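Asks: Quick one, structure for this:
(4 chains)
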Number of protein chains: 2
Amino acid sequence: MDDASKEDFLDLEKFLCFSVYAASHAFNRIYKPLLDRLGLTYPQYLVMVSLWQEDDQSVRSIGQKMFLESSTLTPLLKRLEANGLVVRKRDPEDERSVRVRLSNEGKALREKAEEIPACILDATGLDIETAKRLNRDLQELRTQLESGAKKL
Amino acid sequence: MDDASKEDFLDLEKFLCFSVYAASHAFNRIYKPLLDRLGLTYPQYLVMVSLWQEDDQSVRSIGQKMFLESSTLTPLLKRLEANGLVVRKRDPEDERSVRVRLSNEGKALREKAEEIPACILDATGLDIETAKRLNRDLQELRTQLESGAKKL
DNA sequence: TGTAATTTAATCGTGTACGATTTAAATTAA
DNA sequence: TTAATTTAAATCGTACACGATTAAATTACA
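Replies: Model prediction:
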């Protein structure tokens, strides 16, 4: 490695991983005031979005969509249940799995949440097309990283 | 909001924030096996990169670069110190601030870490130009989000 | 059929991450 | 010079996030 690329190696700003990491935190922070009004955290909100899209999912199904382990989801879902937004219940068909269903309160929250995406898009300062392109690039990156993970 | 955009609203995959969130976790996972060999976590690694670039920084300075609070950094830096990679010491010039310095062991670790970025770039499956473009887009996004945060 | 292998959640331990508060030091104002 | 304000870390409480392990239910298959 020559001197120039050693400098690159040390420049945090040139790390793609760091840009992703920092952007993720920035999103978290910008969502916070909006989600506080709904009594949700950012990961909880994402779970709710998934349930609004498709109610009555297993923990496993939510985990697959969100790329999270049960060790993360179980406590999170219990908090949602404690707040009265979802109901957790063993599947009688297969007692291993737990089905997560929206309560009426959880369903009702959807109305209040619908204004959020527009606020966020506005805060990104991106036009729709750029946002879509960035979204696609990131999805591809994630897919690549997941398949690349096996080699390391 | 019409029916079509209501569907969009509910599709997790169309959320830019979710793509960033998921990509961040994917990076975390791909770094893990590489960083395990160095005995570092992912955020610890980013702090070390920052210190390799510029040794002898205050907690505040590291926090500004990484967009982290002292409540996150203090315990993290104490762990790095416990592992013998850095030394924390009050600045005699200004007793409010704590200076973080690399130990010899911390400096030496840099050699071992230098192979990592190439491994990661390889795992992303991106060519350098695409990676740079994505990096720029994300930095701009973060900057926008930070200035947009005040309005919400 | 019965045992082994797999699948699904849950639990535990460690490590971020943040907001609110606290403490101590330094700076500014009165 | 003292008093008020500001600044820098640290501390505390809550909430992710993951790996390793465990327990229970289901499936595979000998």
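Asks: buried residues in stretch A:76-83?
Replies: Residues A:Leu76, A:Leu77, A:Leu80, A:Glu81 are the ones in stretch A:76-83 that count as buried (16 or more other C-beta atoms under 10 Å in any protein chain shown). In short, each C-beta sits where N, CA and C put it, glycine included.
Asks: With just CA atoms, put it into PDB.
Replies: Output of stretch A:76-83 as PDB, limited to C-alpha atoms (Å, rounded to 0.1, in the frame of the first residue of the first chain):
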ATOM      1  CA  LEU A  76     -39.200  -5.300  21.800                       C
ATOM      2  CA  LEU A  77     -42.500  -7.100  21.100                       C
ATOM      3  CA  LYS A  78     -43.100  -7.500  24.800                       C
ATOM      4  CA  ARG A  79     -42.800  -3.800  25.200                       C
ATOM      5  CA  LEU A  80     -45.200  -3.200  22.300                       C
ATOM      6  CA  GLU A  81     -47.600  -5.600  24.000                       C
ATOM      7  CA  ALA A  82     -47.200  -3.900  27.400                       C
ATOM      8  CA  ASN A  83     -48.100  -0.700  25.600                       C
END
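Asks: thinking again about what came up before, just the buried residues of stretch A:76-83: which are in helices?
Replies: Judged by DSSP state H, the subset of those located in helices is A:Leu76, A:Leu77, A:Leu80, A:Glu81.
Asks: any chance of those in a markdown table, plus pLDDT and distance to DNA strand C?
Replies: Below are those laid out as a markdown table (pLDDT from 0 to 100; distance: C-beta to the nearest atom of the strand, whole Å):
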| residue | pLDDT | distance to DNA strand C |
| --- | --- | --- |
| A:Leu76 | 98 | 10 |
| A:Leu77 | 98 | 6 |
| A:Leu80 | 98 | 11 |
| A:Glu81 | 98 | 10 |
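Asks: Show me what from chain A comes close to DNA strand D.
Replies: Listed as neighbours of DNA strand D in chain A under the rule C-beta under 7 Å from any atom of the strand: A:41-44, A:67-72, A:75-76, A:79, A:93-96.
Asks: quick one, helices of chain A?
Replies: For chain A, the helices defined by DSSP H occupy A:3-10, A:16-36, A:42-53, A:59-66, A:70-82, A:104-113, A:116-124, A:128-148.
Asks: Run the angle between the fifth one and helix A:59-66 for me.
Replies: Meaning helix A:70-82. Taking axes from the mean of the first three to the mean of the last three C-alpha atoms, to 10 degrees, one finds that helix A:70-82 is oriented at 110 degrees with respect to helix A:59-66.
Asks: for the second one, same thing?
Replies: Angle between the axes of helix A:16-36 and helix A:59-66 is 120 degrees (criterion: the same axes, to 10 degrees).
Asks: per-residue pLDDT, the nearest residue to A:Tyr21 once chain neighbours are set aside?
Replies: Nearest non-adjacent residue to A:Tyr21, counting by C-beta to C-beta, 6 or more residues apart in numbering or on different chains: B:Ser24, 5.5 Å away. B:Ser24 is assigned 96 on the pLDDT scale.
Asks: burial of B:Ser24, as a residue count?
Replies: Using other C-beta atoms under 10 Å in any protein chain shown, B:Ser24 has 23 neighbouring residues.
Asks: burial count for the residue nearest to A:Tyr45 when sequence neighbours are not counted?
Replies: Sequence neighbours aside, A:Leu35 is the residue nearest to A:Tyr45 in space, at 5.4 Å (criterion: C-beta to C-beta, 6+ apart). Neighbourhood size, A:Leu35 [other C-beta under 10 Å]: 18.
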